[in-house]
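could you work out the structure for the sequence below:
(one chain, ligands or ions: 2)
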Amino acid sequence: MRQGIFISFEGIDGAGKSTHIDALAAALRAAGRTVVLTREPGGTPLAEKLRALALNDPMDPLTEALVMFAARRDHLLQVIEPALARGDVVLCDRFTDATFAYQGGGRGFDLQVLGELERWVQTVPAVPGGVRQPDLTIWFDLAPEVAARRLAGARVPDKFESQPAEFFARVAAGYARRCAEQPARFARIDADRPRDEVWRAVEAAVKSRGWIA
Ligand SMILES: Nc1ncnc2c1ncn2[C@@H]1O[C@H](COP(=O)(O)OP(=O)(O)OP(=O)(O)O)[C@@H](O)[C@H]1O
Ligand SMILES: Cc1cn([C@H]2C[C@H](O)[C@@H](COP(=O)(O)O)O2)c(=O)[nH]c1=O
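Numbers count the residues shown, from 1 in each chain. Ligands and ions are numbered 1, 2, ... in the order given. Prediction:
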């Protein structure tokens, strides 16, 4: 049986993640892999309920972080770990880097507490003595003003999408910090390019790991 692969997609709202996730799933399926497409917060019935609360209801930063991690724990145990154990590829639209970027960077919540929660929530039997992390995180790096222009008028903004540009500048800095701390896991993609160029960069990141030809 092949080993499971866990790939997360990250970036500020409107950076272009969803545009490329289906294409990567198709490329991996063409390479003979079974792909599970999922997202955070969400991915299970319980986590989708928590998503609706997190994206719509005002709450203090600790409550928000706990809701994100509660949703993640359920998602990890119900969907991600079983898929990896079967040898599938999991493509996840956001994971814990989003908590460090949005709750840590955007809201200014304590990064050490987030680190403790990460350790508690992502400690799973399949990673003996360790914490489950994506094998690869594709970070779509885009200036907040460009992302805001792309999203303008596209949909009714949720609680996060309604935040001002300064919030997204802090979120972007949060992603940059995570990338600097764990460079081997990250592929930073300059997302301020035409869609086909961004796609080629996504494809190259996955090819360089030998997961597609
Ligand atoms: N390279 C690009 N150039 C111009 N527009 C783009 C590009 N990539 C995506 N877009 C457009 O930008 C908008 C946001 O893209 P997308 O929904 O993929 O972002 P996202 O990162 O998934 O956002 P969110 O996290 O808020 O769901 C869409 O209208 C999409 O068509
Ligand atoms: C996982 C996670 C997400 N968020 C925020 C980021 C986005 O604004 C929304 C999710 O919406 P999307 O359209 O699915 O991208 O939730 C967060 O603040 N913290 C997290 O851990």
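
around ligand 2, pick out the residues from this structure.
Neighbours of ligand 2 within the chain, by Cβ under 6 Å from any ligand atom: 13, 39-41, 55, 68, 93-94, 98-99, 102-103, 160. Backbone N, C-alpha and C define where each C-beta goes, glycine included.

list only buried entries from these.
D13, R39, E40, P41, M68, D93, R94, A98, T99, Y102, Q103, F160 (16 or more other Cβ atoms under 10 Å).

so what's the backbone phi/psi at the last one?
In this entry, F160 is assigned phi and psi values of phi -80, psi -40 (degrees, to the nearest 10).

any idea which helix or strand comes after the least confident helix or strand in the chain by mean pLDDT?
One helix or strand of the chain scores below all others by mean pLDDT, DSSP states H and E: helix 144-151, with a mean of 93. Remark: after helix 144-151, the chain's next helix or strand is helix 165-181, criterion DSSP states H and E.

what's next to that following helix, contact-wise?
Helix 165-181 is contacted by residues 10-13, 97, 100-102, 104-106, 108, 139, 141, 143-145, 147-148, 186, 188 when judged by Cβ atoms under 8 Å, 6 or more residues apart in numbering.

apply 7 Å and report the result again.
Contact partners of helix 165-181, identified using Cβ atoms under 7 Å, 6 or more residues apart in numbering, comprise 10, 12, 97, 100-102, 104-106, 139, 144-145, 147-148, 186, 188.

and stretch 202-213, by the same measure?
With Cβ under 7 Å, 6+ apart as the test, stretch 202-213 has contacts from I5, H20, L24, A27, L28, A31, L136, I138, A187, I189.

from these, which would you call buried?
Here, 16+ other Cβ under 10 Å leaves I5, H20, L24, A27, L28, L136, I138, A187, I189 buried among the contacts of stretch 202-213.

quick revisit: can you flag the buried ones in the contacts of helix 165-181?
10, 12, 97, 100-102, 104-106, 139, 144, 147-148, 186, 188.

and those, which two are furthest apart?
A148 and F186 (23.6 Å; Cβ to Cβ).

and the most centrally placed residue in the chain, how close does it get to R107?
Nearest residue to the geometric centre of the chain (Cα atoms, centre = their mean): R94, 1.7 Å. Separation of R94 from R107 (Cβ to Cβ, to the nearest Å): 16 Å.

tell me the pLDDT at P157?
Looking at P157, its pLDDT stands at 88.

my error: substitute G153 in the last question.
Taking G153 on its own, its pLDDT is 79.

contacts only, for it.
Not one residue lies near G153 by Cβ under 7 Å, 6+ apart.

also V124?
V124 makes contact with L76, E81, R132 under the criterion Cβ under 7 Å, 6+ apart.

one more: A187?
Contact analysis of A187 by Cβ under 7 Å, 6+ apart lists L136, I138, W139, A205.
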